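# The amino acid sequence is not available; the structure is as follows:
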């Protein structure tokens, strides 16, 4: 059975991946007055990871909620998700490890906090075992954006188990998990935490996406006009502005508004067919959507190389023009590198695991749901 894709959601994923790429550009004291890096939209780019989680819950539910009815179907489902995620995760983790080892051993003066080989190996294991969004090994993992891939996999497992074993009660079980997860995040004050309770944050958003799919199935496009396509961006800017200026420290505000807003946005763009949806379904945004998983896992190492070279080696003055040019070069390099890894690592790695992997299964459908990979 071929997985279902909504092209406009791929386009949104590509756009928001770029926002995360820009957000992670160094925001140190010398960059604090640069408009491109200090404005409220860029400085809250980490919230777009929540969009990826909500989108993942929506798309995974769309493709699997009616297919998960036994232990065998659960095994095929997890197999499919592992095959889709792991080739690029393995590649980027090993590349990051090699990079860190080289600099920590041979050029420690370039590293703010040098680490031992054993520490780096533990961080790599933390990532490759999908544990770096949990407190299991109490380390941050290698290639810091990869924490969300751990959270994704944990959400896949919990969602699949609930659907298989809770049956008709699954929506109530999912709601209970989401409520308990939210309470935990409020109690710990760690909604924006990534390495310790990131998997709980991911669960809240993933389950929000699952309920968005249920609403999508029940109500369809009822009452949703194409004008909503224009209202959503205005609401997003207003929400981010209010949070940044007045409520950035409020865990409750973030928990109650961010996952819900992204769920509404996904619903609107899933049912609408207006001009914005047509643009998001166009070639440029589809291309960015296709390579967005690569952009997400590649951008940290590209950022480090580009920013360190520009401002530490070449010693460019930190001016608005110089920072803007370096960021543009950084984005271009991320896109070009991600184009290569998408074709050579993601696509070929998935094909190899399907044919030769330990978990190979001819009934597995791993890659159709591209918009659920971050």
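That came through fine. Just so it is clear, the model here is predicted, and its values are computed rather than measured.
# can you give me the helices in the stretch 201-350 of the chain?
Here the stretch 201-350 of the chain has its helices, by DSSP state H, counting those that start in this stretch, at 228-242, 251-271, 275-280, 283-290, 292-308, 320-341, 348-356.
# Save those helices as TSV, and put in mean pLDDT and distance to residue 182 too.
To be clear about C-beta, it is placed using only N, CA and C from the backbone, and glycine gets the same treatment. TSV is the format used below for those (pLDDT from 0 to 100; distance: least, Cβ to Cβ, whole Å):
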stretch	mean pLDDT	distance to residue 182
helix 228-242	95	18
helix 251-271	94	6
helix 275-280	92	30
helix 283-290	96	29
helix 292-308	94	25
helix 320-341	95	33
helix 348-356	88	34
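# Determine which of those helices approaches residue 201 most closely.
Evaluated over those, closeness to residue 201 peaks at helix 251-271, with 8.8 Å, by Cβ to Cβ.
# What is the closest one packed up against?
Here helix 251-271 touches helix 7-23, helix 48-64, helix 170-188, helix 198-219, helix 228-242, helix 275-280, going by 3 or more Cβ pairs under 8 Å, 6 or more residues apart in numbering; DSSP states H and E.
# Deepest in the core, which of these is it.
Using mean count of other Cβ atoms under 10 Å, the stretch among these with the greatest mean number of neighbours is helix 48-64 (a mean of 26).
# Determine the set of other helices and strands touching it.
Counting by 3+ Cβ pairs under 8 Å, 6+ apart, helix 48-64 packs on helix 7-23, helix 147-166, helix 198-219, helix 251-271.
# What ranges in the stretch 101-250 of the chain fall below the confidence cut-off?
108-112 (pLDDT under 70).
# do that again at 80, thanks
Where the stretch 101-250 of the chain drops to pLDDT under 80, the residues are 104-114, 193, 221-223, 225, 248.
# Residue 51 versus residue 12, what's the distance?
Distance, residue 12 to residue 51, by Cβ to Cβ, to the nearest Å: 7 Å.
# Common neighbours of these two, please.
Shared contacts of residue 12 and residue 51, defined by Cβ atoms under 8 Å, 6 or more residues apart in numbering, are found at 265-266.
# Compile the helices and strands packed on helix 48-64 into TSV and extend it with columns for distance to residue 233.
Compiled in TSV, the helices and strands packed on helix 48-64 are given as follows (distance: least, Cβ to Cβ, whole Å):
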stretch	distance to residue 233
helix 7-23	11
helix 147-166	24
helix 198-219	18
helix 251-271	9
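# The ones you listed: which one's closest to residue 308?
Closest to residue 308 of these, according to Cβ to Cβ: helix 7-23, at 16.6 Å.
# For residue 258, which of the helices and strands packed on helix 251-271 is the nearest?
Taking Cβ to Cβ, helix 48-64 is the member of these nearest to residue 258, at 5.2 Å.
# now the closest one: mean pLDDT?
Across helix 48-64, pLDDT averages out at 96.
# Name the next helix or strand downstream of it, please.
Per DSSP states H and E, the first helix or strand lying C-terminal to helix 48-64 is helix 71-106.
# Run the angle between that following helix and helix 147-166 for me.
Helix 71-106 and helix 147-166 are oriented at 160 degrees to each other (axes from the mean of the first three to the mean of the last three Cα atoms, to 10 degrees).
# Identify the residues contacting the helix or strand that helix 71-106 is followed by?
Downstream of helix 71-106, the first helix or strand assigned by DSSP H and E is helix 117-128. Contacts of helix 117-128 with the rest of the structure, by Cβ under 8 Å, 6+ apart, involve 89-90, 93-94, 96-97, 100-101, 104-105, 115, 132, 136-137, 139-143, 146, 149-150.
# Just the buried subset of those residues, written out for ChimeraX, thanks.
This is the ChimeraX syntax for the buried subset of the contacts of helix 117-128, where burial follows 16 or more other Cβ atoms under 10 Å:
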select :89,93,96,97,100,104,115,132,137,139,140,141,142,143,146,149,150
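# my read: residue 155 touches residue 199, true?
Yes: if you go by Cβ atoms under 8 Å, residue 155 and residue 199 touch, sitting 7.4 Å apart.
# which ones are touching residue 11?
Neighbours of residue 11 in contact, by Cβ under 8 Å, 6+ apart: 279-282, 285-286, 288-289.
# since we're on residue 138, how many residues are nearby?
11 (other Cβ atoms under 10 Å).
# Angles on the backbone of it, please.
Note on residue 138: backbone dihedrals following degrees, to the nearest 10 are phi 60, psi 40.
# could we number from 36 for the rest of this?
Taking 36 as the first residue, the last one we looked at is residue 173.
# Tell me how far it lies from residue 68.
Taking Cβ to Cβ, one finds residue 173 at 36 Å from residue 68.
# just residue 189 next, same as before
From residue 189 to residue 68 the distance is 39 Å (Cβ to Cβ).
# who has more neighbours, these two?
More crowded of residue 189 and residue 68, by other Cβ under 10 Å: residue 189, with 20 against 10.
# how far away is that one from residue 383?
Here the criterion is Cβ to Cβ. By it, residue 189 lies 27 Å from residue 383.
# With residue 52 instead?
Residue 52 is 21 Å from residue 383, by Cβ to Cβ.
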